[in-house]
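A.B. asks: Provide a 3D model corresponding to the input given below.
(one chain, ligands or ions: 1)
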Amino acid sequence: MAASSSTIFDSILAGDIPCERIFEDEHVLAFLDIQPLSRGHVLLIPKQRAAKLHELDEAHAAALGRALPRLARAVMQVSGCEDYNVLQNNGAPAHQAVMHVHFHIIPKCAHKGLELIWNTENLKDGPELGSAIRAALA
Ligand code: AMP
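C.D. replies: Numbering: from 1, shown residues only. This next block holds a predicted model:
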């Protein structure tokens, strides 16, 4: 797989661009989003350069999973909100602007936060689709 291009998040990781750092360990960095949807909107990124989630190695993926609930607890405590969205976009058509994996933690309260349009349809081919995805996982 081709290496991802450098992004502004590489500059943040390198310390060349400032950010409001919240948490850091060997594999991940969390900082405040510069254009928050609500107060406490945090971004969590891996230190591995990868554009999309499925490109991550196990160590970085695991570190993201460890950090997310911990960050969410802190953000909720400080924002005073009980509700929040965790958003992770992959690809420009899926609203990804910065092509380095990142999770948004977005408090949802007092009409501030993420707005979603959720255009659903009924599941038609569950067994066939499930079987195809299970085979791809194997
Ligand atoms: P996405 O649409 O999921 O790619 O979101 C990218 C996010 O990165 C947006 O919410 C931006 O506000 C945020 N962002 C871009 N540049 C910076 C920066 N220098 N510091 C903090 N957040 C940033």
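A.B. asks: Return the residues of this structure in contact with the ligand.
C.D. replies: Counting by CB under 6 Å from any ligand atom, the chain comes close to the ligand at Ile8, Ile17, Cys19, Asp33, Ile34, Gln35, Leu43, Asn89, His95, Gln96, Ala97, Val98. C-beta coordinates here come from the backbone N, C-alpha and C atoms, glycine included.
A.B. asks: In strands, which of those residues fall?
C.D. replies: The strands, defined by DSSP state E, take in Leu43 from those.
A.B. asks: Could you identify the most distant pair in the residues of the chain next to the ligand?
C.D. replies: Spanning the widest gap among these are Ile17 and His95, at 22.1 Å by CB to CB.
A.B. asks: Compare neighbour counts for those two and give me the winner.
C.D. replies: Between Ile17 and His95, counted using other CB atoms under 10 Å, the more crowded position is Ile17 (12 against 9).
A.B. asks: Tell me where this protein has strands.
C.D. replies: 21-24, 28-32, 42-46, 83-87, 103-108.
A.B. asks: Tell me which of these is the most buried.
C.D. replies: strand 42-46 (a mean of 25; mean count of other CB atoms under 10 Å).
A.B. asks: can you list contacts of it?
C.D. replies: Residues outside strand 42-46 that contact it (CB atoms under 8 Å, 6 or more residues apart in numbering): 9, 12-13, 22-23, 27-33, 56, 60-61, 63-64, 67-68, 71, 75, 100-105.
A.B. asks: How far does that strand sit from its chain's centre?
C.D. replies: 6 Å (CA atoms, centre = their mean, to the nearest Å).
A.B. asks: Then stretch 73-82?
C.D. replies: That offset, for stretch 73-82, works out to 18 Å (CA atoms, centre = their mean).
A.B. asks: Can you list the neighbours in contact with that stretch?
C.D. replies: With CB under 8 Å, 6+ apart as the test, stretch 73-82 has contacts from Ile22, Ser38, Arg39, Gly40, Val42, Tyr84, Ile105, Pro107, Lys108, Cys109, Gly113.
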